[in-house]
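J.: Have a look at this fold, sequence not included:
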Ligand code: NI
């Protein structure tokens with residue numbers, strides 16, 4: 001697994017994850033069959049890692065690996081709705097992005113126009129000097145919501161994309 005963030009400066013750390021989660025990965029660095037874990041290399045922008053360490057330190061985590069496993073588990077559980085491809089679903093996509101990332105503003109607008117039938121409403125808030133918050137209300141087929149969500153989330157400059165989706 002390779003995670004890339006928008007910053008140009010990275011810290012490298014090593015994390016250990018449950019083997020079940022990454023048994024299909026083609027980029028495993030090493031597998032320890034005895035302990036049923038996979039060791040992978042992940043890069044982080046230093047400030048993200050600093051924030052993460054501060055939070056898990058306060059929570060009392062003894063190792064980064066356990067905290068990262070829990071974070072990934074939460075991410076997976078929050079996105080389980082994507083499996084219900086054919087059901088009609090509704091909810092909101094909440095996105096934070098850096099509007100100064102070259103071309104991003106128009107890419108995001110283009111993507112939303114492409115999925116116009118899915119989007120009921122969009123609210124844009126200028127959060128800070130660089131950051132914008134966009135709340136996109138959606139209703140439609142699960143697979144189409146997932147397509148839009150993935151398209152937005154994976155663009156460079158998009159820092160957070162949180163989905164709150166329910167089946168109706
Ligand atoms: Ni803005």
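T.: Thanks, I have it. Computed from a prediction, not measured in an experiment: that's the story for all the values here. Numbers count the residues shown, from 1 in each chain.
J.: which one is the closest residue to the ion within the chain nearest to, not counting chain neighbours?
T.: Proximity of the chain to the ion (Cβ to the ion) peaks at residue 132, 3.3 Å away. Where C-beta positions appear, they are placed from N, C-alpha and C, glycine not excepted. Distance criterion Cβ to Cβ, 6 or more residues apart in numbering; nearest residue to residue 132, sequence neighbours excluded, is residue 99 at 4.8 Å.
J.: Phi, psi for the one you found please.
T.: Dihedral pair for residue 99: phi -70, psi -10, per degrees, to the nearest 10.
J.: re earlier: confirm that the residue of the chain closest to the ion sits in a helix.
T.: No. Assessed with DSSP: H, G, I helix; E, B strand; the rest coil, residue 132 is strand; it does not lie in a helix.
J.: Pairing partners for it in the sheet, please.
T.: Applying DSSP bridges to residue 132 gives these bridge partners: residue 97, residue 126.
J.: tally of neighbours for it?
T.: Using other Cβ atoms under 10 Å, the number of residues around residue 132 comes to 19.
J.: pretty sure it contacts residue 126?
T.: Yes. With contact defined as Cβ atoms under 8 Å, residue 132 reaches residue 126; the gap is 5.9 Å.
J.: where does residue 37 sit relative to residue 65, distance-wise?
T.: Separation of residue 37 from residue 65 (Cβ to Cβ, to the nearest Å): 9 Å.
J.: ok, these two, which is more surrounded?
T.: residue 37 (20 against 16).
J.: Show the backbone phi and psi for the more buried one.
T.: The phi/psi pair for residue 37 (degrees, to the nearest 10) is phi -130, psi 160.
J.: Mind listing the residues bridging to it?
T.: Beta-bridge partners, per DSSP bridges, of residue 37: residue 18, residue 32.
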